[in-house]
Every structure is written in C-alpha cells, then in structure tokens.
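> I would like the atomic coordinates for the input below:
(one chain, ligands or ions: 1)
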Amino acid sequence: MDHTIQYGTAAAGLISILVVYLALRRRRTVRSIPGPASPSWLFGNMLQLYLSPTYGNYEFDWQRIYGPFYRIKGCFGQDRLMISDPVSLQYILNSPHFKFGPTLENAIHLLYGIDSIIGVKEEDHKRIRAALNIGFTAAAVRNYIPVFEKAAHTIMAIASSQSRVQIIADAIGARLPGWLWRAAIYLPTATCKAIRTAKRLADEVGIQVLREKRAAVEQGLDINTDLYGQLLNLHRSDKTKHTLTEAELVAQTAIMMIAGQDTTANTLAFGLVELAKAPEFQDKLRTEILSTLSASGGGSVSYDNMPLLNAFIKESLRMFPAEAVTDRVAVEDVVIPLTDSLITTTGERISHIPVPKGQNMTLAIASYQRLESRWGEDAQEFKPSRWLDGPTFKGEAVGPYANLLSFLGGPRMCLGWRFAIMEMQVFVCELVGKFAFTLPEGDSTRARLATTLLPTTSNGQKGALICAKRVM
Ligand code: HEM
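Take a look at the predicted model:
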C-alpha cells in the first residue's frame with residue numbers, strides 16, 4: 001500500500017515536471033522564432049504594424065525577410081506570432097483551439113453585443129449562423145440585386161480610428177476581465193456614449209424593421225426580396241429550428257448594419273483608385289460592362305459571366321482586404337503546422353510550431369495575399385490580369401472565394417461574402433459604366449489601418465480623391 005502511494009506520488013511528480021518542461025519548451029520555441037527587433041518595450045512592434053504611414057510599410061518587409069511565420073513584440077514585451085502561412089492559417093481558422101484575441105473579443109462585445117452572431121460561441125454560433133444563412137445563400141443574394149441597383153449611386157464610408165493611445169489602451173484592456181470591459185461602456189466618455197447610442201439605434205432599427213415586415217406580411221406582400229424578410233422567414237409556414245426569435249434577430253441588427261458597410265465601400269474605393277491609374281484596363285472594363293448591359297436589354301444581368309469585372313473585384317480584394325489583420329489566441333497548448341519548415345534562432349529546423357495556451361497571434365491576411373511564394377513575383381502589384389491568365393496561386397486552396405482570405409475562412413468566415421461580391425459587381429458596373437475615372441494631380445491615396453483598411457488622402461483625410469467624368 002505504502003509502495004503504491006510512493007509510486008503514485010513519484011508518477012504525479014514526474015508528470016508535473018513533464019508538464020512544466022513542455023510548457024517552458026513551448027514558450028522557448030515561440031521566443032526562438034526569428035523576427036524583427038523591437039524598438040520599444042512599451043509598444044513593441046505595434047506602432048510599426050498599426051501606424052506605419054502606409055499600411056504594410058514594415059509588415060510586408062518583415063514577411064520578405066522572415067517568411068510567412070515570424071515573431072514580433074506586442075505591448076509590454078509580449079511575444080506575438082505573425083502568421084501568413086496558408087497551411088498554418090487554414091489550421092487555425094478551422095480548429096477549435098483558438099478564439100478571438102481579448103482586444104478583438106471585447107470590441108466585438110461592445111460594438112455588436114454578446115448575442116450577435118459574431119459574439120456568440122459554439123452551439124449558439126452554429127445555430128444562429130445556420131438561421132442567418134437563409135439570407136445569404138447564392139439564391140437569396142440574387143434577390144437583392146434590384147435593391148443594390150437602386151442604391152448603387154451612393155458609396156458610404158464610416159469613420160474609425162487607430163492611434164498610439166488606442167494601441168496602449170487595447171493592450172491594457174486585453175488584460176482586464178470581461179465584466180470590467182462591459183461595465184466600461186457605461187463610462188460618461190464621448191466614445192462610450194457614441195457606442196451606446198449606436199447600439200441603441202441599431203436595436204431600434206431592428207425593432208422597427210421587424211414591425212414593418214410583420215405589417216407587410218399581414219397585407220399579403222412579398223418580403224422575400226430583402227435581407228430581413230429572408231431572415232425573419234415570417235411568411236413561411238414551415239418554421240424550423242433555423243428560424244430565429246425576434247429578439248435574436250434584433251440582436252443581429254448592429255452587425256448587419258456595420259459589418260458590410262465600410263468593408264465593401266473601402267474595397268471599392270481602393271479599387272477605383274487603381275482603376276484610375278490604369279486607363280487602358282478601365283476602357284476595356286467599360287466596354288465589357290456596356291456590352292453586357294446592352295445584351296441584357298434591361299433584364300437581369302449575369303454579373304458572374306463578366307471576366308474583367310470579376311478579375312478587377314478579386315484583385316481589389318486581394319490587395320486591399322478590409323480586415324488586413326485579425327487576432328486569435330490559443331485556448332490550450334497546441335501545435336501549428338507550417339507549409340515549409342523554418343530555422344529557429346537556436347539553429348533548429350522545425351516544421352510544426354508548438355505554442356502554449358494563451359499565446360497571442362496575428363493572422364496577417366494582407367501579408368498572405370502578397371506572399372510571392374503563393375501569388376508570384378509580381379504579388380505586390382495591382383494586376384487584374386493575373387486572374388485571367390490561367391492558375392493564379394500555388395498551393396492548397398483557402399477561403400470561400402478565389403483562394404483569398406479577405407473573407408477569412410472556417411466556421412467564422414464572413415457570412416456576407418456573396419452579398420459583398422454582388423454589391424461590388426453592381427456598383428462597379430453602375431459607376432464605371434457611367435463615369436471615366438482619373439486621379440487628381442499631386443494626390444496619392446494611402447492605405448492606413450484603422451479598424452479596417454482605410455483609404456486616406458495625401459494630407460491624411462479619410463477617403464480617396466478621384467475625378468469622375470460622365471461618359472454615358
Ligand atoms: C468586402 C466586404 C467584406 C469583407 C472584406 C468582410 C470581411 C469579413 C471578415 C474578415 C470576417 C471575419 C472576422 C473575424 O473573425 O476576425 C467577417 C465576418 C462577418 N461578416 Fe463580413 N466582410 C464583408 C462584407 C460583409 C457583408 C456585406 C456582410 C453582411 C451584410 C457581412 C457580415 C459579416 C458577419 C455577420 C460576420 C460574422 C460571421 C461569424 O462570426 O460567424 N460582411 N467579414
């Protein structure tokens with residue numbers, strides 16, 4: 001008996017030593033992954049990553065030097081992994097061992113609410129996503145075309161910001177418990193007030209829309225041609241487990257209003273700037289648009305069968321992904337696979353990276369989309385023709401659309417990606433069909449990272465300056 005206890009104690013001791021050893025080894029491995037020097041303990045490389053004069057000034061160089069998997073420093077000396085390796089990204093996006101990083105998670109809860117699709121987790125996420133999907137299938141999205149066509153004369157942009165204070169506040173906030181964050185929303189500061197107002201308005205809009213839909217159904221009208229009509233599914237007699245309660249539907253209003261606005265508008269703005277720089281391609285695209293529109297005779301337009309239009313949209317999404325980076329954290333010890341092995345600073349060649357629970361990582365979407373090993377030596381150039389000249393990328397496919405990660409991938413990939421593509425197709429046809437675009441002299445648009453990738457003018461204003469001359 002005594003012996004059994006002694007063996008048991010010795011085994012437990014050995015297991016504890018092994019656990020501590022493995023944990024230390026994981027931390028040591030992360031530290032031994034090569035990466036750029038950190039200019040400051042306080043900010044690490046975060047100012048270079050988030051506040052460089054043009055987005056990617058440092059990041060794209062780091063990728064060239066260290067490859068698609070490297071280490072940078074976050075605020076307060078923290079190690080962060082920067083990942084643009086397609087195999088690693090694919091693994092992380094599809095694995096249950098990762099969740100949103102703390103800053104992103106807190107921001108999602110504040111902006112969209114814990115009951116929104118992006119705020120809920122696991123089974124609730126699956127259920128709400130399956131229900132909302134009704135409004136985002138290829139067939140459902142086709143129904144919205146008339147609405148997009150009516151709205152196509154406006155491009156909206158909403159403001160967002162990134163600053164030194166914001167970066168430090170995020171780093172401190174990431175260490176605070178969630179309940180404190182949720183309580184912070186009631187602080188009497190201008191930002192908290194703006195977020196509270198935005199959320200209240202979104203809920204009011206949601207309730208109002210539902211009221212209108214109900215009234216429309218009572219009058220026997222078809223509500224199937226807009227998003228809420230599709231989602232509410234009121235007119236269907238066969239209500240299923242995929243039907244959301246009205247409260248759940250109202251909770252999705254903020255994300256539906258915000259997620260698809262600046263993302264799509266900014267991608268389009270960047271694309272139009274590139275188009276203004278390429279008059280020959282612009283003319284060819286206009287010819288394709290005008291001939292397709294005239295062939296449709298005012299009926300439905302087959303946007304998917306327009307090679308130049310779709311090459312232009314894919315290239316805009318590749319070069320200017322609205323969410324250029326996103327954060328994840330490992331919820332347990334995990335091993336991340338790589339496409340190609342790397343050599344650590346201690347000279348070891350490794351093909352898998354063991355990372356400890358709690359490890360923060362940045363999924364570098366924009367970097368992935370400029371990886372030369374994936375897209376070719378001209379990966380840094382805006383070149384729609386790459387989508388027309390045979391195979392565009394090398395390696396395993398990722399993402400739901402064109403092997404791009406602009407919409408991310410895995411169970412949390414963008415719900416509205418088809419919606420966004422359709423919206424862009426309709427807007428580009430409307431705009432390029434009617435206007436010729438050139439750039440004003442002396443101005444150059446720069447990409448800056450705010451919450452999303454944002455075009456800014458040469459004097460730092462948000463937006464892009466483009467001259468438009470009516471041609472039709
Ligand atoms: C060019 C346009 C768009 C881009 C580049 C884009 C990109 C993204 C990305 C990268 C995510 C994942 C966020 C993360 O996990 O870190 C996401 C999620 C999401 N997007 Fe989009 N998006 C676009 C347009 C839209 C539109 C038009 C809608 C809806 C009308 C929409 C609705 C959503 C929703 C609901 C989620 C959360 C999905 C979930 O958590 O299951 N997006 N989007």
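> could you point out which element follows the biggest strand by length in the chain?
Of all segments of type strand in the chain, defined using DSSP state E, the longest is strand 334-343. As assigned by DSSP states H and E, the chain's next helix or strand after strand 334-343 is strand 349-355.
> count the residues that sit near the residue in the stretch 351-472 of the chain that the ligand sits nearest to.
Minimum separation of the stretch 351-472 of the chain from the ligand (C-beta to the nearest ligand atom) falls at residue 416, amounting to 2.2 Å. No exception for glycine: its C-beta is placed from N, CA and C like everyone else's. When neighbours are defined as other C-beta atoms under 10 Å, residue 416 has 21 of them.
> residues touching it, list them.
136, 259-260 (C-beta atoms under 8 Å, 6 or more residues apart in numbering).
> contacting the ligand as well, which ones from those?
259-260 (C-beta under 6 Å from any ligand atom).
> next step: the contacts of residue 416 restricted to helices.
residue 259 (DSSP state H).
> name the member of the contacts of residue 416 that has the highest neighbour count.
residue 259 leads those on contacts (other C-beta under 10 Å) with 23 neighbours.
> the ligand contacts on this protein?
Listed as neighbours of the ligand in the chain under the rule C-beta under 6 Å from any ligand atom: 117-118, 129, 255-256, 259-260, 263-264, 267, 321-323, 326, 406-408, 412, 414-416, 419-420.
> how much space between residue 387 and residue 358?
From residue 387 across to residue 358, the span is 40 Å (C-beta to C-beta, to the nearest Å).
> so between those two, which is more surrounded?
Set residue 387 next to residue 358 and count neighbours by other C-beta under 10 Å: residue 387 wins out with 18 against 12.
> what about the helices in the stretch 351-472 of the chain?
365-368, 372-375, 417-434 (DSSP state H, counting those that start in this stretch).
> which one of these lies closest to residue 340?
Proximity to residue 340 (C-beta to C-beta) singles out helix 372-375 among the helices of the stretch 351-472 of the chain, at 8.1 Å.
> mind listing what's buried along that closest one?
Going by neighbour count (16 or more other C-beta atoms under 10 Å), the buried part of helix 372-375 is 373-375.
> relative to residue 400, how far out is the residue nearest to residue 98 when sequence neighbours are not counted?
Leaving aside its chain neighbours, residue 98 sits nearest to residue 328 (4.4 Å; criterion: C-beta to C-beta, 6 or more residues apart in numbering). Using C-beta to C-beta, we find residue 328 at a distance of 18 Å from residue 400.
> those two - which one has more neighbours?
More crowded of residue 328 and residue 400, by other C-beta under 10 Å: residue 328, with 22 against 18.
> tabulate the CA atom coordinates of the one helix or strand that one maps to in PDB.
Per DSSP H and E: residue 328 is located in strand 325-330. Extracted C-alpha coordinates of strand 325-330, given in PDB (Å, rounded to 0.1, in the frame of the first residue of the first chain):
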ATOM      1  CA  VAL A 325      -5.100  41.600 -39.800                       C
ATOM      2  CA  THR A 326      -7.200  39.800 -37.200                       C
ATOM      3  CA  ASP A 327      -6.200  38.400 -33.800                       C
ATOM      4  CA  ARG A 328      -6.500  35.000 -32.300                       C
ATOM      5  CA  VAL A 329      -5.400  33.400 -29.000                       C
ATOM      6  CA  ALA A 330      -4.700  29.700 -28.300                       C
END
